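>>> below are the sequence and a predicted model for it; my questions follow.
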Number of protein chains: 2
Amino acid sequence: MTTPPRGLRERKKQATREALREAALRLAVERGPDQVRVEDIAEAAGVSPRTYNNYFASREQAIVSAVTADREARIAAAVAARPAGVRLADAVTEAVVEQYTNTGEREHKALLLITTRTALRDAFLDTAAGIEPPLTAVIAERLDDAEAHTARVLAASVAAAVRIALEGWLRPAGKAEAAESLAAGGLVVPSGSLPDRLRTALAPLAPAFDAAEQHTQP
Amino acid sequence: MTTPPRGLRERKKQATREALREAALRLAVERGPDQVRVEDIAEAAGVSPRTYNNYFASREQAIVSAVTADREARIAAAVAARPAGVRLADAVTEAVVEQYTNTGEREHKALLLITTRTALRDAFLDTAAGIEPPLTAVIAERLDDAEAHTARVLAASVAAAVRIALEGWLRPAGKAEAAESLAAGGLVVPSGSLPDRLRTALAPLAPAFDAAEQHTQP
DNA sequence: GCGTAAATTTGCGCGTACGCATTTTTCTTG
DNA sequence: CAAGAAAAATGCGTACGCGCAAATTTACGC
């Protein structure tokens, strides 16, 4: 086999993880986020409540991870898939936009749910940090190995930018925003689509990527 | 008075906040981090346990914030204090290094304590994110107001880089590290001083700062 | 000063997060 | 394939985080 037969254990773990994810999301949609207890999710997935907490550190994480799934790995793969010729900055940007845009009907509904609760919103934003490790690996591959630090910093910066883009995107245009924007004294872009927001947030990092690339191939 | 008389309330809040901080750190040092309950901290500060949680969302936050204090504001002030002529990237880097280097004897002891518990370590690393808002403000001031997004992204990237530097700095050189570094296939810098780590982590972002500055003054 | 509106503190209660010790399941080795 | 090692699931107990509503404190106008 291509994958070493370290399999049955790993498979089962992934299975329960996914079962918990699905159960969490389904129940949250059915009865509303506040009417779901950990006990319910665990029961629906066929495990004990204690085991639930071996997989997810909070109730919000499980719900959110049903939407996030393995987006991190897909982003890294998408970057690696781009031809070696293109600018690294572009490769990363397009990969991120691509993976955050392929959103199905189910995900859309889930996002609506997420915006309704602050705790869920925060948990969702935190998932952006998860792209750092795989991004670090794939960026390091395109740079000199001696600049492993650089890859890490760039990946973390991308994660931070993505977080900012998401934060602005799913912000409820409430009263606080108007006051805040006036206090800042400037006119801010009201809303905009997610791809636009992602590109705008990532753009300032492009020069850093360019410089890193220059260092490896003078 | 120089400060508008919005005072007694605000002052009292700050007082209790600091009392909680100090009590938390003192008790943690005295009896060890695991032998301190929130009830103890609250009592030592003369408030109810419930009030404690109005100030800090976790026991770790209180302890850590005694070390962190108002470092965020000081960093922003340090940046603002630099003459307008110097490169923005340099101003930020030096301000960060400066504020993380001025560490007293008390802080050093506290850091030793923090490294002993994973939860404390994580809470400490999370405080790095706190520099984003003030940094955003001071960076935006040096850039065109139209590029408010840029300032935010740069500030968040700095925060991410600082976090990485701190993470590597207070990592316990345990068994996991050796294995990991071998798996990565490269030779990694073993330890290094904190200023060095901060500079190294921030260096890759310099081109992004330069580019942002260019846009404002062509 | 005095009364009223606003902000803060507090007690209560529920569900959660996790360390620890034990049991059950999966992997390895001869 | 059996026995032991390794890993994961489970039960239990404790402390925590926080929403909510009542009580207390502070601020402001008259």
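That came through fine. Numbering: from 1, shown residues only, chains lettered A, B, ... in the order given.

>>> name the nearest residue to the most centrally placed residue in chain A, sequence neighbours excluded.
Averaging the C-alpha coordinates of chain A gives a centre point, and the residue nearest to it by Cα atoms, centre = their mean is residue A:128 (3.6 Å). Taking Cβ to Cβ, 6 or more residues apart in numbering or on different chains, and ignoring the residues beside it in sequence, residue A:128 has residue A:163 as its nearest neighbour in space, at 4.1 Å. Every C-beta, even on glycine, is put in place using the N, C-alpha and C of the backbone.

>>> could you report the neighbour count for that neighbour?
Using other Cβ atoms under 10 Å in any protein chain shown, residue A:163 has 22 neighbouring residues.

>>> can you name every helix or strand that the helix or strand where it lies contacts?
Mapping residue A:163 onto the secondary structure by DSSP states H and E places it in helix A:148-169. The criterion is 3 or more Cβ pairs under 8 Å, 6 or more residues apart in numbering or on different chains; DSSP states H and E, and the helices and strands that helix A:148-169 contacts are helix A:88-101, helix A:118-126, helix A:132-142, helix A:194-202, helix A:206-216, helix B:148-169, helix B:194-202.

>>> what would those look like in TSV with mean pLDDT?
Formatted as TSV, the helices and strands packed on helix A:148-169 follow (pLDDT from 0 to 100):
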stretch	mean pLDDT
helix A:88-101	95
helix A:118-126	93
helix A:132-142	93
helix A:194-202	95
helix A:206-216	90
helix B:148-169	95
helix B:194-202	95
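
>>> pick the most buried one from those helices.
Mean neighbour count, computed with mean count of other Cβ atoms under 10 Å in any protein chain shown, is highest for helix B:148-169 among those, reaching a mean of 24.

>>> tell me what angle it forms with helix B:132-142.
Helix B:148-169 and helix B:132-142 are oriented at 130 degrees to each other (axes from the mean of the first three to the mean of the last three Cα atoms, to 10 degrees).

>>> what is the distance between helix B:148-169 and the centre of its chain?
Taking Cα atoms, centre = their mean, to the nearest Å, one finds the center of helix B:148-169 at 10 Å from the center of the full chain.

>>> now do stretch A:39-49
Using Cα atoms, centre = their mean, the distance from the centre of stretch A:39-49 to the centre of the chain it belongs to is 25 Å.

>>> check whether that stretch comes near DNA strand C.
Yes. Contact check for stretch A:39-49 against DNA strand C, using Cβ under 7 Å from any atom of the strand: residues in range are residue A:39.

>>> assign a three-state SS to residue A:171, would you?
Three-state secondary structure (criterion: DSSP: H, G, I helix; E, B strand; the rest coil) places residue A:171 in coil.

>>> let me redo that: residue A:83
Strictly by three-state DSSP, residue A:83 counts as coil.

>>> how many other residues sit next to it?
A total of 6 residues lie near residue A:83 under the criterion other Cβ under 10 Å.

>>> how about residue A:44?
Under the neighbour criterion other Cβ under 10 Å, residue A:44 is assigned a count of 16.

>>> which non-adjacent residue is nearest it?
Nearest residue to residue A:44, sequence neighbours excluded (Cβ to Cβ, 6+ apart): residue A:23, at 3.8 Å.

>>> quick check: the one you found vs DNA strand D, distance?
Taking Cβ to the nearest atom of the strand, to the nearest Å as the measure, residue A:23 and DNA strand D are separated by 13 Å.

>>> is DNA strand D contacted by stretch A:36-49?
Yes. Under the criterion of Cβ under 7 Å from any atom of the strand, stretch A:36-49 makes contact with DNA strand D via A:47-49.
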